[in-house]
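**Student:** Sequence first, predicted coordinates after that:
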Amino acid sequence: MIRLTFPTRLLSALAMAVGLSGCATGPGSRPGPMTNVQLLALNDFHGNLEAPQSALRYRDDDGGEQTSVLGGGAQIATRLEQLRQDHEQTITVAAGDLIGASPLISAYYLDEPTVKALTAMKLDLASVGNHEFDRSIKELQRIQAGGCEQYTARQPCALEPFAGAGFTYLAGNTVDDKGQALFPGSAMRSFGDIRIGFIGLTLKETGNLTSADGTRGYRFTDEAEAANRFAAGLKAQGADAIVLLIHQGGDVTDRFQTEGCAGLTGPIVDIADRLDPSIGLVISGHTHEAYACRITAPDGTVRTLTSAGRYAAFVTDIDLRFDTATKRVASIDAKNIPVPADLPKEAKVAAIVDRYAAAIGPVGNRAVGTVFAGTDTERDSDCMDGAAEDFIADAQLFSARAGSTDGADVAFINSGGVRTNFDAAADGTLTYGEIFSMQPFGNSVEILELTGAQLTAILESQFCDADASKVCGTLLVPSANASYLVTPGQPIGSRVTAFRIDGQTVAPDRAYRVAVNNFLAAGGDGFTGFADGKSVGSGGIDVDAVERYLSDGSIETPRCGRVRRAD
């Protein structure tokens, strides 16, 4: 466990970092009685109510590599109860993406079972994440408040009434044209005489990561500026410490670790560097990585940064120790605790999961087709695309050609829109539940007319680092009849070469019919060039497109190589 204790020379910085008044403890002074407050934190649950089938590799406290099957709704509930034992003052919080991009058991029922399970787990506060907006602002408001009013194609309350979330969403930087936040931006919680303020934010790029219809009427402001504004209000209300719940995060060398932030990079670094010193603890998410460490801002402020990975594989256990007399934070302990899938299941959450699993079973277990020649979806070292994305792109092209008089020339899928790899049975059978989990958004397939020059410019916009070794956010993967090379070291605008469709070099002035999901068609994931295309047709709903493709009966597992790095 990382014990963030602070010697005398750091106490003055810490006093600012937790928004406390008074003098630092002098040399030789005796510590007084302490008050402990436990924070348990989750992020990026994404409706993963059932334990996964595959194991996850992570670094333990000693730096050793462990491999275990982690997660499950009833299992995380058990782990939370275990961690709460012997703690009189405790609160459970989350940093966004609790719902959205969910497996069938949750998504089919508009994530109602997940919200019920999280309520049963005694979750108190949660920041919104980008996926909370997948089904629109109105639907998110229903998730918070409850009720069965319909804002989506799917009927709410399909299995039972829905009372809404028993926890409070915070959304301080999600504002309308009058500057009013969608949900409260902050909340205060008292633990005896200790008052802790919480701020909840999503990433400012949320508008690029969701459909335009899903966030219409709202914008997402700079995270640090919003956090600092709310921090000032919390200090004025007498907060003894301030915690930021933010759906934005960082990348670390070892993606999943119980403690440490080795190699930390990413947007959260800049955000943390610009935070007011009163914000002493940052609970982050979005990048699906697990870390816990102390970071130091340019102004000398020392604060704690955590993230619990994804899908309830971990829960972050944070212990804030306050000097009872001065109400100062004396130390912070932070550690990610694994959640083994073989833990006993907590009864209340298990009952919710079992009820919805029984209802969805006949739907999810229906066989929809067979994929031949194995089900290996691991990417080769020289490929940038993967078999799962290739498969979805092929399905969308097939569906677009089948559902439109003039068909389509090519299809593209954003890699972030494919949520799982293949998980077919030994004989290659894929079920509806498996293909739904690959694309759980309910998007439609749209056909756009774009010139070759427009398409090339869109591909160029993927790469934003110096050597094009990484994409800005998501990779555009084409159908099997197209390919392109990425050349590192070239200036922006000259990195995509050998762009071919049907074996022919793409002509800048030629018009091409391009099949994409409606999220990309609206300029999602920052690919605003797609929004300039002319709509010329439709290929149906994405999951239906995959089922239609599988009905052809001659599908083979794609081999990667449609997007390669040039030598």
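**Tutor:** Done, it's in.
**Student:** packing partners for whichever strand or helix holds Thr304?
**Tutor:** Element membership for Thr304 (DSSP states H and E) is strand 302-308. Judged by 3 or more Cβ pairs under 8 Å, 6 or more residues apart in numbering; DSSP states H and E, strand 302-308 is in contact with helix 8-17, strand 34-42, helix 267-273, strand 279-283, strand 290-296, strand 314-323, strand 329-338. Glycine gets a C-beta too; all of them are placed from N, C-alpha and C.
**Student:** Would you mind saying which of the ones you listed lies nearest Thr258?
**Tutor:** Smallest distance to Thr258 across the helices and strands packed on strand 302-308 (Cβ to Cβ): 4.6 Å, for strand 329-338.
**Student:** I'd like to know how far Thr487 sits from Gly473.
**Tutor:** 20 Å (Cβ to Cβ, to the nearest Å).
**Student:** Adding mean pLDDT and mean neighbour count, write the helices and strands packed on strand 302-308 out as TSV.
**Tutor:** Below are the helices and strands packed on strand 302-308 laid out as TSV (pLDDT from 0 to 100; neighbours: other Cβ atoms under 10 Å):
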stretch	mean pLDDT	mean neighbour count
helix 8-17	40	18
strand 34-42	98	22
helix 267-273	98	20
strand 279-283	98	27
strand 290-296	98	22
strand 314-323	98	24
strand 329-338	95	22
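**Student:** And the ones you listed: which comes nearest Gln53?
**Tutor:** Among the helices and strands packed on strand 302-308, strand 329-338 sits nearest to Gln53 (Cβ to Cβ), with 17.0 Å.
**Student:** the inter-axis angle of that closest one versus strand 314-323?
**Tutor:** 170 degrees (axes from the mean of the first three to the mean of the last three Cα atoms, to 10 degrees).
**Student:** Each with direction, which strands does strand 329-338 pair with?
**Tutor:** Applying DSSP bridges, strand 329-338 is found paired with strand 2-5 (antiparallel), strand 314-323 (antiparallel).
**Student:** and the angle from that strand to strand 302-308?
**Tutor:** Using the same axes, to 10 degrees: strand 329-338 against strand 302-308 is 20 degrees.
**Student:** immediately after strand 329-338, which helix or strand?
**Tutor:** In N-to-C order, the element after strand 329-338 by DSSP H and E is helix 347-364.
**Student:** circling back to that earlier point, name the residues of the strand holding Thr304 that are buried.
**Tutor:** Val302, Arg303, Thr304, Leu305, Thr306, Ser307, Ala308 (16 or more other Cβ atoms under 10 Å).
**Student:** Dump the strands paired with strand 329-338 to a markdown table, plus distance to Ile458.
**Tutor:** A markdown table is the format used below for the strands paired with strand 329-338 (distance: least, Cβ to Cβ, whole Å):
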| stretch | distance to Ile458 |
| --- | --- |
| strand 2-5 | 43 |
| strand 314-323 | 37 |
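**Student:** Gln144 is nearest to which of these?
**Tutor:** Closest approach to Gln144 among the strands paired with strand 329-338 is made by strand 314-323 (22.8 Å; Cβ to Cβ).
**Student:** the helices in this protein, which residues?
**Tutor:** Here the chain has its helices, by DSSP state H, at 8-17, 73-84, 104-107, 112-120, 137-145, 206-209, 223-236, 267-273, 347-364, 387-403, 432-438, 452-460, 518-521, 542-550.
**Student:** picking that back up, rebuild the helices and strands packed on strand 302-308 as TSV, extending it with distance to Val353.
**Tutor:** Listed next are the helices and strands packed on strand 302-308 as TSV, based on distance: least, Cβ to Cβ, whole Å:
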stretch	distance to Val353
helix 8-17	40
strand 34-42	16
helix 267-273	32
strand 279-283	25
strand 290-296	23
strand 314-323	17
strand 329-338	20
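**Student:** Which one of those lies nearest to Arg562?
**Tutor:** Of all those, helix 267-273 comes closest under Cβ to Cβ, at 28.9 Å.
**Student:** Identify the bridge partners of the residue lying closest to Gly217 once chain neighbours are set aside.
**Tutor:** Sequence neighbours aside, Asp176 is the residue nearest to Gly217 in space, at 5.7 Å (criterion: Cβ to Cβ, 6 or more residues apart in numbering). Judged by DSSP bridges, the bridge partners of Asp176 are Tyr218.
**Student:** Strand partners (parallel or antiparallel) of the strand holding Thr304?
**Tutor:** Sheet partners by DSSP bridges: for strand 302-308, these are strand 279-283 (parallel), strand 290-296 (antiparallel).
**Student:** List just the nearest of the buried residues of strand 302-308 to Cys261.
**Tutor:** Leu305 (6.4 Å).
**Student:** I'd say the closest one and Ile295 touch.
**Tutor:** Yes - at 5.1 Å, Leu305 counts as touching Ile295 under the criterion of Cβ atoms under 8 Å.
**Student:** Quickly list what's touching both of those two.
**Tutor:** Cys261, Leu264, Ala272 (Cβ atoms under 8 Å, 6 or more residues apart in numbering).
**Student:** In this structure the last one contacts Val302, no?
**Tutor:** In other words, Ala272. No - using Cβ under 8 Å, Ala272 makes no contact with Val302, being 10.8 Å away.
**Student:** what do those two both touch?
**Tutor:** Ile295.
**Student:** What is the nearest of the shared contacts of Leu305 and Ile295 to Leu110?
**Tutor:** For the shared contacts of Leu305 and Ile295, with Leu110 as the reference and Cβ to Cβ as the criterion, the closest is Ala272, at 34.3 Å.
**Student:** And Ala224, how close does it get to Tyr311?
**Tutor:** 28 Å.
**Student:** no no, Tyr151
**Tutor:** Taking Cβ to Cβ, one finds Tyr151 at 26 Å from Tyr311.
**Student:** More neighbours: these two, which one.
**Tutor:** Tyr311 (24 against 15; other Cβ atoms under 10 Å).
**Student:** circling back to that earlier point, so which of the helices and strands packed on strand 302-308 is nearest Phe527?
**Tutor:** That would be helix 267-273 among those, by Cβ to Cβ, at 19.0 Å.
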